[in-house]
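In: Next comes the sequence, and after it the predicted model I'd like to discuss.
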Amino acid sequence: MTTAALTLAPRRRLSLPLFLSAIVVALLLLWTGVPLVMAVLWSLVDPDNPWSHPDFLPPSLSLAQWEHVFTYSSIGRAVATSFLIAPLATILSFILSAPTAYALGRLKFPGREALKVLILLPIVLPGMVVALFLSRVFDLFGLAQSLVGLVLGHTLLSMPFMLRILATSFEAIPQDMIDAARNLGAGRLALLRYVLAPMVLPGLFAGSIFTFITSLEEFNLTFVIGTPSYETIPTVLFGYLGYHFIRTNAAVVSIILMVPSVLLLFLAERYLKTDYLSSAFGKM
């Protein structure tokens, strides 16, 4: 084999993984980028120059659709309601999940694995079915058409994410580290502050993001229990997706709903790194 062939061989071996990676990246960009670009374009369509076949792009762009949505819909109040419910549901979900997550992650008891599966049932069951049956319970306790009922409902639906992630985080803590802290005289508060909390923090951060986004995008429960007294961003969006389908206005509301999720995704990518978990070990 010649010297040129030997030098080209490694390049050919490296080119296949690079080519496959490029295909995956291209597919992901198409999968996420095309809907985003289409939503932006539809939200900027000029009502005086409609976008229709065979035009590949809108004939002209305008902010008229945004002005219409913010003027003639309840999107402002819906945004305020959504960003009030989601943080409250996230905080309440953590408070209710932490003790159970610790028990699932650190304690051994009969039925532990079955309980882990049962926790995920609210995610598996159809959202509208859960909302319809919960609405009857909320009616009995006077929680329907109330902010408290919406916060509780969003907490119940989003808590499986917090529970499962926190339980996994507690389970991943090495027992040797806990035993070493106890041998050095650490009490319960010191153990919680200096050992458990730093190591569970990445899981708490991830669980909070999933819980927040789940609450922000929840439609079924809000529609059944909250409307017409309370509207969120998804209820306004589905109003435009009903019988009188208005694509341009729906595109505006879709972007409003999508932007926080994208920002939280980049936030998670920024902070949920491998070295973030490693730093917890460094603080021990």
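Out: Happy to help now that I have it.
In: from what I can see residue 220 touches residue 133, true?
Out: No: look at residue 220 against residue 133 with CB atoms under 8 Å: they stay out of range, at 11.3 Å. In this view, the C-beta of every residue, glycine as well, is placed from N, C-alpha and C.
In: Give the residue from these two that has the larger number of neighbours.
Out: Neighbours per residue, other CB atoms under 10 Å: of residue 220 and residue 133, the larger number sits with residue 220, 21 against 12.
In: Just the pLDDT at the more buried one, thanks.
Out: In the prediction, the pLDDT value recorded for residue 220 is 91.
In: got it, and residue 181?
Out: Looking at residue 181, its pLDDT is 83.
In: in the chain, which helix has the most residues?
Out: Counting residues, the longest helix found in the chain (DSSP state H) is helix 3-43.
In: list the helices and strands that one packs on?
Out: If you count contacts as 3 or more CB pairs under 8 Å, 6 or more residues apart in numbering; DSSP states H and E, helix 3-43 packs onto helix 64-72, helix 247-271.
In: Report the inter-axis angle for that helix versus helix 64-72.
Out: Per axes from the mean of the first three to the mean of the last three CA atoms, to 10 degrees, the angle that helix 3-43 makes with helix 64-72 is 50 degrees.
In: and helix 3-43, average pLDDT?
Out: Averaged across helix 3-43, pLDDT comes to 74.
In: Distance from that helix to the middle of the chain?
Out: The gap between where helix 3-43 is centred and where its chain is centred comes out at 27 Å by CA atoms, centre = their mean, to the nearest Å.
In: Same question for stretch 105-120.
Out: Stretch 105-120 has its C-alpha centroid displaced from the chain centroid by 24 Å (CA atoms, centre = their mean).
In: Residues in contact with that stretch: which ones?
Out: Stretch 105-120 has contacts (CB atoms under 8 Å, 6 or more residues apart in numbering) with 103-104, 160, 163-164, 166-173.
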